[in-house]
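Visitor: sequence and predicted model, in that order:
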Amino acid sequence: MQRLWITPGTDPRTLLAFSRSFSVDLGEKPTMLRPMVATTAVTAALILLAGCGGDKKSDSGSDNNSGDKSNSSASPTAPSVPTFDPPKSFAIGRAYPVLKDPAESTLSHAGVALVGKVAVAGNKKVLNGHDVTDPSKTWSMQVPPATTTTVSMALPPKAVKVDGKDVAVVAYAETDKGNGTQKPQGLVVVRWVDVSTGEKIAETSTKTGEEQPGLGTVAYDVESGQIAVQAGSWTVFADPATKKATLVPGLEPAAVHNGVIVGQKEATGPQVVDATMVLADGASGKITKKVGPPMGDFNVLAGTSKHAYFYGMKYIDYDAGTEAEALYSVDLSTGAVVTTALPKASAESGSWTCYSDEAASVACVQQATADKGETMIGFDDETGKKTWGFSSDSGNRNVPEVTAAYHGVIYAKTEAQPVLLDAKTGADLPSATPSGSPSSSDSPSTGSTPSDGDSPTSGDTPSEGSTPGSDSSSGNGDLSLFDGTLQSPTSVSPYGGVYSQQPHGDYTVTNELDSVVVFMKATA
């Protein structure tokens, strides 16, 4: 294995040249990365690429002849990141680089998720994990598993539970060309990864009959790790417990729980009002029940362990353009349907997006159209009924841009700042002013200094991220990658939140990085 000893002042371009001089086959097992002090953003990126090995014993400090005690100084029983369920205030924690794939479109970026205490980022080639409480715990898993397989698409990682463990589940669209004289086969591969170790705990591979299957709508059972993902004219149901997958024909999934899938079957033709909502048995792939009124079109919005949510529309007079529309919630256990009628709107009225807080509430947002502003509606997931709602066209509130929901809180942003809403009532929640300074939350001595907490550039200084003590005790990582402004999280756990940020700064850095995963630690 090649190694490069990094010292302060090393030219980043030298590191980049070294990183391009070799490749590492990570196989299906994760490669534990040896902790190094990141002197620049590129150094951190190099660590992800190199994958130099080393177990906990070799990294414990007793085997370290350099005298660097940064590894042994961190307490394994006292994480530096506090937990709140749900978090309502954040401060900058760490920033992780994601290397750019030269073959990937510049418009496509790695998906990110916070799975328990591990920030996970993945694309078509690699899945990386970073323990936000311990900078020394980092793993990387390569995709695809075989040299004859090419990956055309990867869904963003999703946080689920499997046997009580925090697990990231990812679905890939692959083409296998390694079957001799047989034609290439399209596959949907679903992989579950234990984020505490970076090890694969289950995987399914399903032939779709298409050489290059595309991936569409996906539904997750966050309690069991089951997944239902649309692939062309099929839905693939995969279960980590049985390690088996089944094809369900002609179904777009909205929700999955305990092996039951709720989805929609499209209308058989234009101007035909026979689109339906259906229940299906995942294990057998059979449709078990049709529910609700037939419509011209259903749009899948969200799924929970209790209900599936849809937008439905049909034309009353197709030529005149008049239509009827509503939001529907379908009970996964009984198939009972609750209808929330909507006023007649423009032809663009179907642009709804819904977010489940994975507890008891769902929030749905309709984008602005040519003749109306945004609308936001909240549902009680126990009953599937509307409990609150407001529009930017009336009253004194603007509808924010929702980015995530978690355990009773809606995380969103306005033009001015990130905001929080109560998922049960829609009311604004008070929150502490977000801190872009790592020193204010990580160090009692510096946090007591007003100038430190007020300075938005204190976390942007490369030397702070390069200090061994800072990296090991506070877990800041390479904060030179952080652009100084906290955003609303797109994935949340009791440890905080994460979101993807575009690279900034030196041209060499921005040209080599796909994106930056920003971890915000929970402070309240």
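Guide: Sure, I can see it.
Visitor: just the strands in the stretch 101-250 of the chain please.
Guide: 111-115, 118-122, 126-131, 138-142, 149-154, 158-162, 165-176, 185-194, 199-207, 215-220, 227-231, 234-239, 244-249 (DSSP state E, counting those that start in this stretch).
Visitor: can you put those strands in a markdown table and add mean neighbour count and distance to Gly378?
Guide: Heads up, the C-betas are built off the backbone N, CA and C, glycines and all. Formatted as a markdown table, the strands of the stretch 101-250 of the chain follow (neighbours: other C-beta atoms under 10 Å; distance: least, C-beta to C-beta, whole Å):
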| stretch | mean neighbour count | distance to Gly378 |
| --- | --- | --- |
| strand 111-115 | 25 | 24 |
| strand 118-122 | 28 | 29 |
| strand 126-131 | 24 | 33 |
| strand 138-142 | 22 | 38 |
| strand 149-154 | 18 | 32 |
| strand 158-162 | 20 | 23 |
| strand 165-176 | 22 | 27 |
| strand 185-194 | 24 | 32 |
| strand 199-207 | 17 | 35 |
| strand 215-220 | 20 | 21 |
| strand 227-231 | 26 | 25 |
| strand 234-239 | 27 | 28 |
| strand 244-249 | 18 | 31 |
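Visitor: quick one: closest of those strands to Ser493.
Guide: Closest approach to Ser493 among the strands of the stretch 101-250 of the chain (C-beta to C-beta): strand 111-115, 4.7 Å.
Visitor: now the angle from the closest one to strand 118-122?
Guide: Put simply, strand 111-115 runs at 160 degrees to strand 118-122, going by axes from the mean of the first three to the mean of the last three C-alpha atoms, to 10 degrees.
Visitor: may I have the residues that are in contact with Ile227?
Guide: Ile227 is in contact with Lys158, Val169, Ala171, Val190, Val218, Ala219, Tyr220, Asp221, Val236, Phe237, Ala238, Val256, counting by C-beta atoms under 8 Å, 6 or more residues apart in numbering.
Visitor: what is the nearest of those residues to Ala341?
Guide: Nearest member of the contacts of Ile227 to Ala341, counting by C-beta to C-beta, is Ala219, at 25.1 Å.
Visitor: ok, now which ones touch that closest one?
Guide: By C-beta under 8 Å, 6+ apart, the neighbours of Ala219 are Ile227, Ala228, Val229, Pro253, Ala254, Ala255, Val256, Ile261, Gly263, Gly303, Ala308.
Visitor: what residues are bridge-paired with the last one?
Guide: Going back to what we said before, that points to Ala308. Ala308 forms beta bridges with Gly303, Val330, as assigned by DSSP bridges.
Visitor: can you give me the neighbour number for it?
Guide: With neighbours defined by other C-beta atoms under 10 Å, the count for Ala308 comes to 30.
Visitor: and Ile261, what are its bridge partners?
Guide: Under the criterion used (DSSP bridges), Ile261 bridges to Val256, Ala280.
Visitor: and Glu358, how far from Pro184?
Guide: Separation of Glu358 from Pro184 (C-beta to C-beta, to the nearest Å): 38 Å.
Visitor: out of these two, which sits in the more crowded spot?
Guide: Under the criterion of other C-beta under 10 Å, the comparison of Glu358 against Pro184 puts Glu358 first, with 20 against 16.
Visitor: just confirm that one contacts His407, I think it does.
Guide: Yes - between Glu358 and His407 there is a contact under C-beta atoms under 8 Å: 6.6 Å.
Visitor: contact partners for the residue nearest to Gly259 when sequence neighbours are not counted?
Guide: Nearest residue to Gly259, sequence neighbours excluded (C-beta to C-beta, 6 or more residues apart in numbering): Gly282, at 4.6 Å. By C-beta under 8 Å, 6+ apart, the contact set of Gly282 is Gln226, Ala228, Phe237, Asp239, Thr246, Val248, Val256, Gly259, Val260, Ile261.
Visitor: what about the residue nearest to Gln367 when sequence neighbours are not counted, how many residues nearby?
Guide: Excluding the flanking residues, the one nearest Gln367 by C-beta to C-beta, 6+ apart is Ser351, at 4.3 Å. Using other C-beta under 10 Å, Ser351 is surrounded by 13 other residues.
Visitor: pLDDT score for Ser351?
Guide: In this prediction, Ser351 carries a pLDDT score of 87.
Visitor: before we move on, what about Ser224?
Guide: pLDDT, read off for Ser224, is 97.
Visitor: these two touch, right, it and Lys165?
Guide: No - Ser224 lies out of contact with Lys165 (C-beta under 8 Å); the separation is 11.6 Å.
Visitor: pLDDT weak spots in the stretch 301-450 of the chain?
Guide: Residue ranges of the stretch 301-450 of the chain with pLDDT under 70: 318-322, 344-350, 370, 431-450.
Visitor: for it, which segments count as helices?
Guide: Using DSSP state H, counting those that start in this stretch, the helices found in the stretch 301-450 of the chain span residues 438-442, 444-447, 450-454.
Visitor: where do the strands of the stretch 401-524 of the chain begin and end?
Guide: 401-406, 409-413, 418-422, 428-429, 491-493, 496-501, 513-522.
Visitor: Thr147: neighbour count?
Guide: 9.
Visitor: got the phi/psi numbers for it?
Guide: phi -70, psi -20 (degrees, to the nearest 10).
Visitor: what's the neighbour count on the residue nearest to Lys385 when sequence neighbours are not counted?
Guide: In space, and not counting its chain neighbours, Lys385 is closest to Val338: 5.5 Å by C-beta to C-beta, 6+ apart. Neighbour count of Val338, defined by other C-beta under 10 Å: 19.
Visitor: could you do the one 3 residues further on as well?
Guide: Each residue near Ala341 was counted by other C-beta under 10 Å, and the total is 9.
Visitor: quick check: chain neighbours aside, which residue is closest to it?
Guide: Ala326 is the one closest to Ala341 (C-beta to C-beta, 6+ apart), at 5.1 Å.
Visitor: that neighbour and Leu342: what is the separation?
Guide: 6 Å.
Visitor: what's the answer for Thr490, then?
Guide: Where Leu342 is concerned, Thr490 sits at a distance of 27 Å (C-beta to C-beta).
Visitor: do Tyr411 as well
Guide: On the measure of C-beta to C-beta, Tyr411 and Leu342 end up 25 Å apart.
Visitor: likewise for Tyr355?
Guide: Applying C-beta to C-beta to Tyr355 and Leu342 gives a distance of 18 Å.
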